[in-house]
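In: from the sequence below, what's the structure:
(one chain, ligands or ions: 1)
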Amino acid sequence: LERVTALAGGVGAARLLRGVARLLPPRALTVVVNTGDDEEFYGLRVCPDLDTATYNLAGAAPPERGWGLAGDSHRVLSALGRFYREAWFQLGDLDLATHLFRTQALRAGRPLHRVTAQIARSFGVVATILPMSDQRVRTFVETRRGERLPFQEYFVHRRSRDPVRRLHYRGARAARPAPGVLTAIRRAELLLLPPSNPFTSIRPILAVPGIRGELRRRRAPLVAVSPVAGGRAVRGPLGGMLRAVGAPVSPIGIARLYRGLLDGMVIDSRDARLRPQLERRGIAVTLIDVEMDTMEKSMRVARAALALARELRGAGT
Ligand code: FO1
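Out: Model prediction:
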């Protein structure tokens, strides 16, 4: 079995992984998921990126939106409107069952990685889905005005409108990788970095002590799919965050953030002229349309990323 491990955030990652999952035997894939976006609503522990990975690999997510459950309704949320002033986070009726179960299991003392495995199994997912850590890590967005907003407050409530100065991954230093995470990196034959936002999705994972080091020691090639194409982020507030740190809004900016980690990169055909610059940094390049708004496109990009990684492994990278 050719073992493949991916780090993942939310929808961007899920778009690639739904393609990868169609191309590999189901047991081959392990996904290490960001939990910095987790939040409590109405006393319930909500883990958007874990659920996005699970629901997409189960084929249960709405294909266009990418998060939550297809065909969900919001009757409970409307009823909660009687008791709470505002409901800015859309929790679906069916999705709430996941949060109820998870919250109760955590309260009973079970670690998040076990609860996550049980949720995945219940949805019929055979791939291994691991939280980056069982300990709580919270991503805070520091705005240029100096406010520190919990991630969902910044992203959903304020619609990513505030200019960002930097991000904080609170609790990361005291966190440990969840059981299975380091092994999944060490034993992988191919490693993937999907087109997630490096600041909000991947860096929180790398901030958990031990994970970055394990990636640096890797023997397997690591291939990223660019979350930037034609001078813009494919989705979300990544463009402004790259500008805020003085990095170009291009695959070069992404390669800089992942310095020392990348062996290969799948970039958009519109960025073809950047290929020599990436190759000079020792990064092998494949050009393709990186948009993945349909399953067919997800499979095409997944095929390109796996092919590049296999080629690099063959070349002994
Ligand atoms: N994203 C939104 O833009 N608005 C929402 O109301 C919202 C609700 C939501 C509920 C459950 C869930 O698993 C995800 C949800 N998301 C929503 C997506 C989530 O904010 C992002 O996908 C991630 O946190 C970013 O990776």
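
In: what's the pLDDT at the residue nearest to Arg216 when sequence neighbours are not counted?
Out: The shortest distance from Arg216 to any residue other than its chain neighbours is 6.7 Å, reached at Gly260 (CB to CB, 6 or more residues apart in numbering). Quick note: C-beta positions are derived from backbone N, CA and C, even for glycine. Among the per-residue scores, Gly260 shows a pLDDT of 91.

In: so what's whichever residue of the chain sits closest to the ligand up against?
Out: When you check the chain against the ligand by CB to the nearest ligand atom, the closest residue turns out to be Gly10, at 2.5 Å. By CB atoms under 8 Å, 6 or more residues apart in numbering, the contact list for Gly10 reads 34, 37, 48-49, 52, 66-67, 196, 201.

In: name the member of the residues you listed with the most neighbours.
Out: Greatest neighbour count in the contacts of Gly10, by other CB atoms under 10 Å, goes to Asn34: 34 neighbours.

In: that residue contacts Ile205, correct?
Out: Yes: with the criterion set as CB atoms under 8 Å, Asn34 and Ile205 qualify as a contacting pair; they are 5.4 Å apart.

In: give me the common contacts of those two.
Out: Shared between the contact lists of Asn34 and Ile205 (criterion: CB under 8 Å, 6+ apart) are residues 7, 132.

In: one step back: isn't the residue nearest to Arg216 right next to Arg218, touching?
Out: No: at 11.1 Å, Gly260 and Arg218 do not qualify as touching, with contact defined as CB under 8 Å.

In: same drill for those two, tell me which one is more crowded.
Out: Under the criterion of other CB under 10 Å, the comparison of Gly260 against Arg218 puts Arg218 first, with 15 against 9.

In: re earlier: confidence score at the residue of the chain closest to the ligand?
Out: Note on Gly10: pLDDT of 94.

In: can you check Phe89 too?
Out: The per-residue confidence score, pLDDT, reads 96 for Phe89.

In: SS state for it?
Out: Applying DSSP: H, G, I helix; E, B strand; the rest coil to Phe89 yields a three-state assignment of coil.

In: what's near enough to touch it?
Out: Shown here is Phe89, whose contacts under the criterion CB under 8 Å, 6+ apart are 39, 41, 46, 152, 156-157.

In: number of nearby residues for Arg18?
Out: Around Arg18 there are 22 other residues, counting by other CB under 10 Å.

In: what about it, which helix or strand?
Out: If you go by DSSP states H and E, Arg18 is part of helix 11-23.

In: that helix: how far from the chain's middle?
Out: Helix 11-23 has its C-alpha centroid displaced from the chain centroid by 11 Å (CA atoms, centre = their mean, to the nearest Å).

In: likewise stretch 114-132?
Out: Going by CA atoms, centre = their mean, where stretch 114-132 is centred and where its chain is centred differ by 15 Å.
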